[in-house]
Every structure is written in structure tokens, then in C-alpha cells.
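Q: Here is a sequence together with a model predicted from it:
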Amino acid sequence: MPDSPSTDPLGQASEASHAAALLLYGMQFAVFERDGPRHFTAVSAAPIWFERLTEREPATDPTALTEYFPALEGFLPMAEEFWQTASTQSLQSDFWTEADAEGIEYHLLAIAVTAGPRHFLAIERADATYINHQQLQLYAHEMVIQCETITRLNREVKRATQAKSEFLATMSHEIRTPLNAILGMADLLAESHLDADQQKYVDVFQRAGANLLGLINDILDLSKVEAGHLELESVNFELAEVIARVLELTRVKATAKALALGSSLAEDLPPMLIGDPPRLRQILINLLGNAMKFTDAGRLDVEVSRDPEDEHAGALLFRVRDTGIGIASDKLDVIFENFSQADSSTTRKYGGTGLGLAISRRLVELMGGRIWVESTLGQGSTFLFTVKLGVCDLPSLVAASHEAAARAVTTPTDLPVVHILLADDSEDNRFLIREYLKRTPCNLEFAENGETALGMMKFRHYDLVLMDAHMPVMDGYAATCAIRTWEQQHGGRPVPIIALTADAFKEAVDQSLSAGCDAHLTKPIAKATLVEAIRLHALACDQPPQSVPAPIAEAESSLSALAPRYLENMGKQLEVLRLAESLEDYGTIQRVGHNLHGTGASFGFPRITEFGIALEQAAKDRAMSKIRTAITEFEWYVQHLLAV
């Protein structure tokens, strides 16, 4: 009985080869072995698609695959190099397309492999792979387009946000500047002797001004939150004090509407917390103000307890209850959107802009909580919000309380004698500050721009500078930088500078501090706020306003008697310089500077010689900014000498 095929080594090899050939055929592979440069021998039966493609037209050299598939011309040189490396990996060509005699297209792929000393080339019909590849390429292309679109939209959003911030900053400054004068004059009028009618008039525009200021603040707060520029403070505070302050601020309006006002704090609340008490007050005042607006009878209550859904000690739940008109169920979510109210007639009947709740929601979210409302029409509403605050120990609270108690309210008569320079281009603001301080021991002088303020600083002593940010010629930031530079060059104690500006954005505060200001006050400024800032920041007055010694040298005996006349002539030279500056007449400026250069020291005034040198060189360089600075400093120097 003959051996079975399974025990015959030759039979086993034959069966393995036959199985491999069947496998390659079934996988739609046409496999060739390289037996010479660009010459191949088939090692398996060709698939049907291969036969159809090779039947299109007879080849001159049937063993040369490039005769049938010209696309291999670009791949075979790379395959030859690959085979020389004896790599165990494979090398794959790009997809290409061939059509048979009937026009049917086939998507093909060539693969080069090495098996020991033997080199093989497989051609695969890869229709499905090709389709997947094309889809992936299409998806990749779409993703690239989407990424580019997202990037472009992000840039546009950033530009729009920046433009909006710049617009709001500008409008804030432009509105706050006159509003500062309006509210300030209202406060001053309220302090004067008024009859009953006049007092009513003052009350009206005080309320109107306060409402306008509140609207501006709401819009700016909303813009800051949306732009990601609003940062919360982290200070120690007592929750009971915050609630008491909120009730104090709202009690007058509640009493006017005959509404009862109360509060309830759970016993297990931490006595002292860490967070941003002004923003927490703002949320509560917004909610109470909203509740008061829609409540004609009954009461308002503020309740605070631990958040039952959060075990953290500083997680609190606030409830603001009212007995007002209530809110329809389909409007409960809408009321927290910007400029939204429960009904289109609400604004006409009750007033308001619909910003208070939107700002409250964003502030609550910044504090790690959420806000919602429960309401029934005709039965009132309850606004609820949660916050996550830090918890501090009681000793710190005691220290903070002592510190707060130590800060007594400053009255104008408490101020020492202070020499103040106010740099502001607004005549109304200069008048307002003068009226604020006219009954105080403060001595006030004015500069209409930063360049003038810089010149005055160099030749007069001041205990404090109030610096507006936006002024012509030289703004407050540049003037502050120049003052700090001059102080460093000449030594001495830096004079405190307070930025007094209508810019309310954090960027403006940062810019003021970066320029060298010691503090930043935002217009409109209450009289008490200004007085307190002066008390905190002004230097102790230990010099008269004009105690800076004039650098005067000993003149030649024959010329000393002519010094007064020489100084009077400097006034005429200043007029010539100012006219030449306005006409940009560099020749005249150079000539006057040359004369000052040659005469100042001779009459005992070497500083005038220095001014002459600076003017002469600046005129040669046609540097008008340096000319203006030198003229301003020269003018104040001469005025100082004449005053002495």
C-alpha cells in the first residue's frame, strides 16, 4: 500500500505550494519572482483581472511587467534598492488605475518583498482598499478645512472680542468722564443749603446719574466675564457682615415700598470664609433688587445654609425669596440670558435692562456654583444659587475685624497739609477736584497734559500727583514713566502718583501700575473716596511747594546786576520758541537755543545753558517731541526763578 500524501515529504511540499497558489489566487494577487533586472517570472496562476488587463494588447516582451503596467516604471527602481537591503519588511507602491479592453477600471497596488535570497513582486487588485484610502484622504482634507475654518473663526472671535473690549474701554472713558462731573457736582450741591424744590431736583439727577453708572458697570462687568478678564478676589470675610451690608443697602427701597426685609443664616455655617465679598454682595443685591422690582406687597428674605449636595464646609446654598408676581414656567431659564426678561412688557412696566441676572449667573459660575429659580405665577419666586468658598480659622477673622475697625472714616478736615498736582485735560474734572478739596488743607495745582505735569514736577515739590490717563501731547502713562525715570536719575523719594481715570478695565489698572502709579481710582469718584486715597498715599508734607533750589551759579560781577533784566528777556524768548514750535520753524529754534547756550551760564544760570544745548541739538535733529519737552521745562524753570 503506498504511503499517504501526508507522510511523503515531496507530496507535502507539492500540497503546500498548491495551497499557497490557491491562497494567492483567492486574494487576487499576481505574484512574480525577480530573475533579472526588470525581468520577472510568475510563481502562481494569474487572477482573472490580471488576464483581462494583459489581453488588452500583446506585449513585445511578455515577461516584462512594465509592458503591461507602465505605472511600475516609477516603482521598480525603488524596489531594486529595497531588495538590495534584504529587509524583512515590505515596500508598497502608490495606487494606480488600469482599464481592460471593455473599459472596466481596476485599482492596483504593487508590493515588493524579500524571502532570503529571493525577491518577489506582488500586484494586488485593491479596489476596496483604494476606496477606503480615498475616503480617508477625503476625510483628512475635510478635517484640514475644518481646522483652518476653526482657526480662522477663533482669530475672528479674538479680534471681535478685542475690538469690543477696546470699544467698551473707550466708551467707558468717554461716558465716565462727564458722569464724574455730574455726580460730583450733585454731591457738592447736596452738601449746600438748598430749599425743598432744589433738594428734589438734586435728588432726581443723583438717582439718574447713579442709575446710569449702574448700567455702565453692568455692561462692563458682563464684558469682562465674557472676555475672561474678570478675576475674583480671595480675602477673608465674615458672611454675617456681608448679609447685613446687603440688607442695609436695600432697606431704604424696601421700606419705601412697605416691604418687610429679613435674613436667616443656618447655625452650622463657618463664621469666616475666603472669597470675594464685593462680588457676593453684588449677586445678592442684584437678586434682591430684582425681587423688589416685582414685589408690591409682602416680604423679601435671604436665607443661607450648607449646600446639601456638597460636603465641603465652604459650599453654601443661598435663597432669595419674594412674594411678588412670580414667573411663568416656560420663562424660568430665559431670564438668566443677556438683556432678557420674563415678558416683553416687563421693561416698559418695571424698567431694567435684563443684565442683573445674567451677570449674577456668570459670577455664580465663577465661584464654582450654579443658579436657578423656582416660581409660581401670582405666588412669588425663590432664586437659589450655590457657591464654593474657602474656610478660614477664627483668629484670622478677629485680626481682620480689628484691622477693619481701625480704619476710621476720613473726613476732609482730617487731612494734613498736602501739595497736590492734578494732571487732567478736562476743565470740568479740574473744577470738580478743586471743589472737592477747597475746604481741606490741600494745596492744588493743575497741569493740562502729561508734558506740563512733567515740567512742573522737575521744579516744584509735590506730596501727591493725581494723573489722568488720556491727555493730549503726553498721556498719563508716558508722563508717569518719565517722572519715575527723572526721579531715578536725580535721586530722592518717589512722589506717590494716583491714576485718576475713567478706564474701568483690569488692563487699565495693570497699565497704570506698570507705568509706575501707586494706585488706580476709577471715575466717577466720590469725594470720600478721593479724600481717603489722599490720606493713604500722600507724602508727609515737610517742604513748601517751591522749595526746590534753583541751580544758580555765581555770575561775573559785571553781569550780575543785569540778571533780572536777563530773566525778563527769557519770557520774550519763550514766546519766540512757542511760536516757532507751532510753525515747526527749526531754524529759529536752533538760533534761540544757540543764544541760550552762550548766555545762560554767563549770567549765573547754567541750567539755561543746558536748555539751550538741548534745544539747539533737537532742532538740528528735527526732533519736535524733544523740543516740546525742553521748552516746557525751560518755561517752568524761568517762572520758578521769577517767583523767587
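A: Ah, there it is. Residues are numbered from 1 along each chain as shown.

Q: only C-alpha atoms for contact and neighbour calcs from this point on.
A: Noted.

Q: List the buried residues in stretch 619-630.
A: For stretch 619-630, burial by neighbour count (16 or more other CA atoms under 10 Å) applies to A619, R622, M624, K626, I627, R628, T629, A630.

Q: now it: mean pLDDT?
A: Throughout stretch 619-630, pLDDT has a mean value of 86.

Q: ok, now which ones touch A110?
A: A110 makes contact with L72, Q92, S93, D94, L121, A122, I123, E124 under the criterion CA atoms under 8 Å, 6 or more residues apart in numbering.

Q: Let's see that with 7 Å instead.
A: Q92, S93, L121, A122, I123, E124 (CA atoms under 7 Å, 6 or more residues apart in numbering).

Q: Just the closest of those to E80, please.
A: L121 (10.5 Å; CA to CA).

Q: Quick one, grab the pLDDT at the closest one.
A: L121 is assigned a predicted lDDT (pLDDT) of 91.

Q: what about it, distance to F318?
A: 77 Å (CA to CA, to the nearest Å).

Q: neighbour-wise, which of the two wins?
A: L121 (23 against 20; other CA atoms under 10 Å).

Q: Just give the number of residues close to T66.
A: 17.

Q: ditto for V364
A: If you count neighbours by other CA under 10 Å, V364 ends up with 19.

Q: which residues touch the helix or strand where I627 lies?
A: Secondary structure from DSSP states H and E places I627 in helix 624-643. Contact with helix 624-643 is made by E451, T452, G455, M456, F459, A550, L574, F611, A614, L615, A618, as judged by CA under 7 Å, 6+ apart.

Q: Quick one: buried ones out of those?
A: Taking 16+ other CA under 10 Å as the criterion, what is buried in these is E451, T452, G455, M456, F459, L574, F611, A614, L615, A618.

Q: In the stretch 501-644 of the chain, mark out all the helices, start to finish.
A: Per DSSP state H, counting those that start in this stretch, the stretch 501-644 of the chain carries helices over the ranges 506-515, 527-537, 557-560, 563-583, 586-599, 606-621, 624-643.

Q: Would you reformat the ones you listed as CSV and include distance to V246?
A: CSV is the format used below for the helices of the stretch 501-644 of the chain (distance: least, CA to CA, whole Å):
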stretch, distance to V246
helix 506-515, 25
helix 527-537, 20
helix 557-560, 71
helix 563-583, 56
helix 586-599, 63
helix 606-621, 59
helix 624-643, 51
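
Q: Indicate which one of those is closest to I111.
A: helix 506-515 (62.5 Å).

Q: If we go by neighbour counts, what in stretch 461-479 is buried?
A: 461-471, 474-479.

Q: Kindly report the same for stretch 363-376.
A: Of the residues in stretch 363-376, those buried (16+ other CA under 10 Å) are L363, V364, E365, L366, M367, G369, R370, I371, V373, S375.

Q: immediately after the one helix or strand in the chain whose mean pLDDT sits lowest, which helix or strand?
A: Lowest by mean pLDDT, DSSP states H and E among the helices and strands of the chain is helix 346-350, with a mean of 44. Using DSSP H and E, the helix or strand that directly follows helix 346-350 along the chain is helix 356-366.

Q: partners of the helix or strand just after that next one, with directions?
A: Using DSSP H and E, the helix or strand that follows helix 356-366 in sequence is strand 371-376. Strand 371-376 pairs in its sheet with strand 380-388 (antiparallel), by DSSP bridges.

Q: Between helix 356-366 and the partner strand, find me the angle.
A: 30 degrees (axes from the mean of the first three to the mean of the last three CA atoms, to 10 degrees).

Q: Can you list the buried residues in strand 380-388?
A: Of the residues in strand 380-388, those buried (16+ other CA under 10 Å) are G380, S381, T382, F383, L384, F385, T386, V387, K388.

Q: Give me the mean pLDDT for it.
A: Per-residue scores along strand 380-388 average to 93.

Q: just the helices in the stretch 301-450 of the chain please.
A: Counting by DSSP H, counting those that start in this stretch, the helices of the stretch 301-450 of the chain are 346-350, 356-366, 394-406, 427-437, 450-459.

Q: what helices or strands is the second one leaning on?
A: When contacts are defined as 3 or more CA pairs under 7 Å, 6 or more residues apart in numbering; DSSP states H and E, helix 356-366 sits against helix 277-293.

Q: neighbouring contacts of the helix it packs on?
A: F237, V242, V246, A254, V320, D322, Y350, G356, L357, S360.

Q: ok, those residues vs P178, which is closest?
A: Closest to P178, out of all of the contacts of helix 277-293 and judged by CA to CA, is G356, at 24.4 Å.

Q: Tell me how far that closest one lies from I216.
A: According to CA to CA, G356 stands 12 Å off from I216.

Q: Among the two, which residue is more densely surrounded?
A: Neighbour count, other CA under 10 Å: between G356 and I216, G356 has more, with 27 against 18.

Q: what about the more buried one, distance to L179?
A: According to CA to CA, G356 and L179 sit 21 Å apart.

Q: now do L357
A: 25 Å.

Q: Also M624?
A: 35 Å.

Q: go on, Y68?
A: Taking CA to CA, one finds Y68 at 88 Å from L179.

Q: same check, this time on I420
A: Relative to L179, I420 is positioned 23 Å away (CA to CA).

Q: Check G378 too.
A: 39 Å.

Q: Give the residue from those two that has the larger number of neighbours.
A: More crowded of G378 and L179, by other CA under 10 Å: L179, with 21 against 12.

Q: In a helix, the more buried one, correct?
A: Yes - L179 forms part of a helix when assessed by DSSP: H, G, I helix; E, B strand; the rest coil.
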